[in-house]
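# below: sequence and its predicted model.
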Amino acid sequence: MDEVRPDGQEPRPEASSLPVFEPHALRGMVLGEVHARPFRPARAPRVYLRYGFMTDEAAAAADRDWLSGFCKAQGAAGPEPSARYHVVDLQTGSLRWERHGEFTTYTWDGPGDGPGRARGDDGALEPDTQAEDAASDGSASFFAPPHGHPFGASFRAPGPLIVAVRLDLLQPSVNGFERVLRQFDRASLAVSEVEGDAALIATDFRQDRDGLTRIVIANERLHPQPAGALAQRLLELETYRTLSLLGLAEANRQAPTVVRIEDGLFHITEKMRSSEGVETNRVLLDDLTQLAAELESGAAASAYRFGATRAYDAIVGQRLIAIDEKPAEGYFTFGQFLNRRMAPAMRTCRTIEERQANLSRKLARAATLLRTRVDVELERQNRDLLMAMNRRARLQLRLQQTVEGLSVAAISYYVVGLAGYLAKAAKEAGLPVPRPEIVTGLSVPVAVVTIWYVVRRIRAHHNDADEKG
């Protein structure tokens, strides 16, 4: 039991005896990420407006600066420099700002007026009976325009608009849910029960005259916390559903290029069957390399979009699982409608991505085969060249041997002549030598044998040096 101080105040907590360690630089971000986007309680009637804009790094930085100025004008603190989520409480509701990888969302929620009810010039709600009469002939607006939202003339869009959705949390016993459903397009209307039968959700996934996708939650008996969680999940479902379909446009853009490269590969492989010669194969290899470069360029350009599409589609599936919808009699569920419409688009994206990968492998195999053929042709040419060089070397050797024989005779002739001149000089000098002619004749075999031996020794020495080298 805690001690009580004499003055009746709480005792001062003692300092912790646990050690304090140096935290990792990202510890705060990791721990705060799971609390970054809390579910906010919601009570009917309430309206949500969400706009999503595609933003790059430069646009995101400018948007953060604008948001900081907006918050300052409202007397609120702006986002931290590294924050990716921020909430501003306004007099008419709350504005949530979220920075994602390639887009930014602004979500405002405030009190709703309910369907079919309009405001007069003085801002007061007109009687509901008048709105019902107007709704019966189709002249009334689907819902009364929300008031107090910040998306007016002073709002600065950070980039191109990609997501625009309005969600209304209603009380069906008050607002007449069946009358609300009549305002949707019946052909694409999806209605589901969620949280058991505590609420109904409905949408036709179409844009209204304001360019907004309309979603309705008819809250039978949901508590504020799960009602807020359901609203946020439905907003995220529509957001990521829209973003996931961006991959379909990229797939349609890449499809003609993939088809053309496949046809080009087919024609090149057909030519490879009958092509001969290094130059012909080199031309085919150049064409194949150009196709491979074009394919890799397209695959690199679409890799991010296809990867993002897979991620967004997975989030859509997770949100459908989280809302745990049950079919309402006579209507498609959200999951059934989206699977029927989105599944073909996702398959198209996966198919194009797989065709790019398979085509890349086929191009690599064909290029390897062509390079092998070129290498074989080059080796055959090198072999023929070496054989020709060998023939020329043998001819040169024979010519060299012939020249060596002639050189022995020529050198011997000069040596014998020198011997004759030497004998004549000795005879004239009175030395006892035979006649010069005899000396000259006797020196011929000696000179020939000696010179032949010397030449042979020199050639043997060069051969030994070549073998050692």
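Sure thing, it's come through.
# what's the longest helix in the chain?
The residue-count maximum for a helix in the chain (DSSP state H) belongs to helix 334-428.
# so for that helix, mean pLDDT?
The pLDDT scores in helix 334-428 average 85.
# quick one, domains of this protein?
Here the domain parsing of the chain from automatic domain parsing is 36-244, 246-384, 393-468.
# give me whichever of these is most buried.
domain 36-244 (a mean of 17; mean count of other Cβ atoms under 10 Å). For every residue, glycine as well, the C-beta is placed using N, CA and C.
# distance between stretch 321-336 and the chain's centre?
34 Å (Cα atoms, centre = their mean, to the nearest Å).
# so which residues make contact with it?
189-197, 200-203, 230, 233-234, 237, 320, 340 (Cβ atoms under 8 Å, 6 or more residues apart in numbering).
# straight-line length of it, end to end?
Taking Cα to Cα, to the nearest Å, stretch 321-336 runs 12 Å from one end to the other.
# equivalent analysis for stretch 72-82, please.
18 Å.
# average model confidence for that stretch?
89.
# now do the contacts for residue 229.
Counting by Cβ under 8 Å, 6+ apart, residue 229 touches residue 39.
# cool, and the one 5 residues further on?
Listed by Cβ under 8 Å, 6+ apart, the contact partners of residue 234 are 167, 201, 215, 217, 319, 323.
# just send these back as TSV, with secondary structure too.
What follows is the contacts of residue 234, written out as TSV (DSSP: H, G, I helix; E, B strand; the rest coil):
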residue	secondary structure
167	strand
201	strand
215	strand
217	strand
319	helix
323	helix
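# which two in those residues are spaced the farthest apart?
Using Cβ to Cβ, the two most remote members of the contacts of residue 234 are 217 and 319, lying 14.2 Å apart.
# which of the domains of the chain sits closest to residue 17?
Checking these against residue 17 by Cβ to Cβ gives domain 36-244 as the closest, at 32.2 Å.
# from the chain's centre, how far out does the closest one sit?
Per Cα atoms, centre = their mean, the displacement of domain 36-244 from the mean C-alpha position of its chain is 32 Å.
# of all the domains of the chain, which lies closest to residue 24?
That would be domain 36-244 among the domains of the chain, by Cβ to Cβ, at 15.1 Å.
# export the domains of the chain to CSV and append columns for distance to residue 29.
Below are the domains of the chain laid out as CSV (distance: least, Cβ to Cβ, whole Å):
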stretch, distance to residue 29
domain 36-244, 8
domain 246-384, 20
domain 393-468, 72
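# on the three-state scheme, residue 110 is what?
Following three-state DSSP, we place residue 110 in the strand state.
# identify the bridge partners of it.
residue 47 (DSSP bridges).
# tell me who's in contact with it.
46-47, 90, 92-94, 146-149.
# against residue 166, how distant is residue 214?
6 Å (Cβ to Cβ, to the nearest Å).
# again with residue 229
18 Å.
# repeat for residue 439
Taking Cβ to Cβ, one finds residue 439 at 132 Å from residue 166.
# likewise for residue 255?
Distance from residue 255 to residue 166, by Cβ to Cβ: 34 Å.
# where among the domains of the chain is the average confidence lowest?
domain 393-468 (a mean of 78).
# circling back to that earlier point, just give me the closest of the contacts of residue 110 to residue 182.
Nearest to residue 182 among those, counting by Cβ to Cβ, is residue 47 at 19.5 Å.
# just to check, that closest one is in contact with residue 145?
No - using Cβ atoms under 8 Å as the test, residue 47 is too far from residue 145 to be in contact (9.6 Å).
# now do the contacts for the closest residue to residue 349 other than its chain neighbours.
Once flanking residues are discounted, residue 349 sits nearest to residue 247: 4.2 Å by Cβ to Cβ, 6 or more residues apart in numbering. Residue 247 sits next to 305-306, 308-309, 345-346, 349 when contact means Cβ under 8 Å, 6+ apart.
# now do 10 Å
302, 304-310, 312-313, 345-346, 348-350, 352-353 (Cβ atoms under 10 Å, 6 or more residues apart in numbering).
# cool, residue 428 as well?
By Cβ under 10 Å, 6+ apart, the neighbours of residue 428 are residue 436.
# helix/strand/coil for residue 153?
Residue 153 is classified as coil under three-state DSSP.
# offset the numbering so it begins at 426, please.
Right, with 426 as the first residue, what we last looked at is residue 578.
# can you tell me how far it is from residue 493?
According to Cβ to Cβ, residue 578 and residue 493 sit 20 Å apart.
# same deal with residue 822?
According to Cβ to Cβ, residue 822 and residue 493 sit 91 Å apart.
# how about residue 592?
For residue 592, the distance to residue 493 - Cβ to Cβ - is 27 Å.
# which stretches of the chain form helices?
Going by DSSP H, the chain shows helices at 452-458, 482-498, 553-561, 597-600, 602-606, 649-669, 671-699, 703-748, 759-853, 861-893.
# now render those as CSV, adding distance to residue 531.
Listed next are the helices of the chain as CSV, based on distance: least, Cβ to Cβ, whole Å:
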stretch, distance to residue 531
helix 452-458, 21
helix 482-498, 9
helix 553-561, 29
helix 597-600, 26
helix 602-606, 26
helix 649-669, 11
helix 671-699, 19
helix 703-748, 19
helix 759-853, 24
helix 861-893, 85
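# so which of the ones you listed gets nearest residue 505?
The nearest among these, by Cβ to Cβ, is helix 482-498 at 9.7 Å.
# which other helices and strands contact that closest one?
Here helix 482-498 touches strand 471-479, strand 510-515, strand 518-524, strand 528-536, going by 3 or more Cβ pairs under 10 Å, 6 or more residues apart in numbering; DSSP states H and E.
# rerun that using 8 Å as the cut-off
strand 510-515, strand 518-524 (3 or more Cβ pairs under 8 Å, 6 or more residues apart in numbering; DSSP states H and E).
# Throw the ones you listed into a markdown table and include distance to residue 533, thanks.
Shown next, in a markdown table, are these (distance: least, Cβ to Cβ, whole Å):
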| stretch | distance to residue 533 |
| --- | --- |
| strand 510-515 | 8 |
| strand 518-524 | 5 |
